[in-house]
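K.L.:
any chance you could fold what I've pasted below:
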Amino acid sequence: MARYTGPKTKISRIFGEPILGNAKWLGKNSNPPGQHGAQRKRKQLGEYALQLREKQKAKYTYGVLERQFRKTFEEASRLKGVKGENLIKLLEARLDNTIFRMGLAASRPEARQLVAHKHIAVNGEVTNVPSYTCRPGDVITYRPKSAHNSSIVSKQRPSNTKFSWVDWNPNTNTGTFIAMPEREAVPENIKEQLIVELYSK
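P.N.:
Numbers count the residues shown, from 1 in each chain. Predicted coordinates for the structure are as follows:
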């Protein structure tokens, strides 16, 4: 599957915030990328540019390309409720993002790799589709063989209590997708209404 494999700091400098991880280098050089980045002023963006920027930010944050992102938006449009909030909920419910939120990987790309390499099982079935949409009650575990692989299990981080829609028990290596998250509980700085306006043109 095609995905962005370039320098993460470059993307962070474009948006002026650490959307792809560590902000250490962003603090040292927050200028836009390019030879003349230091001299180039951040100009005032127009309405369309702001909308496009938010869509690109969401795509980079969750590691989704245009075609899949549009399909996710179309699915969000069919659901009851606010389109923008539904979009964020569906992106958060992706299997790779859920594993990241549970603390099984340090980043979404690392979580995507765990899934693609068949280390993860959902409800007892090994799943290698990072875009699989988790549903409330889904039980997520390591594949039996992977559960004894120290290099995989050692990547676990302590559970973050602010992500109340997922739960991970390190003693049993079992996680649960409890519910779709509420928008205010998702920490990503994405103005989803601008994305809705962009696709509504």
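K.L.:
nearest residue to the spatially most central residue of the chain in space, please, no chain neighbours.
P.N.:
Nearest to the geometric centre of the chain sits Tyr62, at 3.0 Å (C-alpha atoms, centre = their mean). Distances taken as C-beta to C-beta, 6 or more residues apart in numbering place Leu91 nearest to Tyr62, at 4.8 Å, with adjacent residues excluded. (Each C-beta comes from the backbone N, C-alpha and C, glycine too.)
K.L.:
just the element for the one you found, please.
P.N.:
helix 83-92 (DSSP states H and E).
K.L.:
convert the C-alpha atoms of that helix to CSV, please.
P.N.:
Provided in CSV are the C-alpha atoms of helix 83-92 (Å, rounded to 0.1, in the frame of the first residue of the first chain):
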residue,chain,number,x,y,z
LYS,A,83,-20.6,14.5,9.6
GLY,A,84,-17.4,16.0,10.9
GLU,A,85,-17.6,14.2,14.3
ASN,A,86,-18.6,11.0,12.5
LEU,A,87,-15.5,11.3,10.4
ILE,A,88,-13.2,11.7,13.4
LYS,A,89,-14.9,8.7,15.1
LEU,A,90,-14.3,6.5,12.1
LEU,A,91,-10.7,7.5,11.8
GLU,A,92,-10.2,6.8,15.5
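K.L.:
and the strand or helix carrying Gln68, what does it pack onto?
P.N.:
Using DSSP H and E, Gln68 falls within helix 66-78. Helices and strands touching helix 66-78, as assessed by 3 or more C-beta pairs under 8 Å, 6 or more residues apart in numbering; DSSP states H and E, comprise helix 47-62, helix 83-92, helix 192-199.
K.L.:
mean pLDDT and distance to Val129 added to the ones you listed, as TSV?
P.N.:
Shown next, in TSV, are the helices and strands packed on helix 66-78 (pLDDT from 0 to 100; distance: least, C-beta to C-beta, whole Å):
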stretch	mean pLDDT	distance to Val129
helix 47-62	93	15
helix 83-92	97	14
helix 192-199	96	24
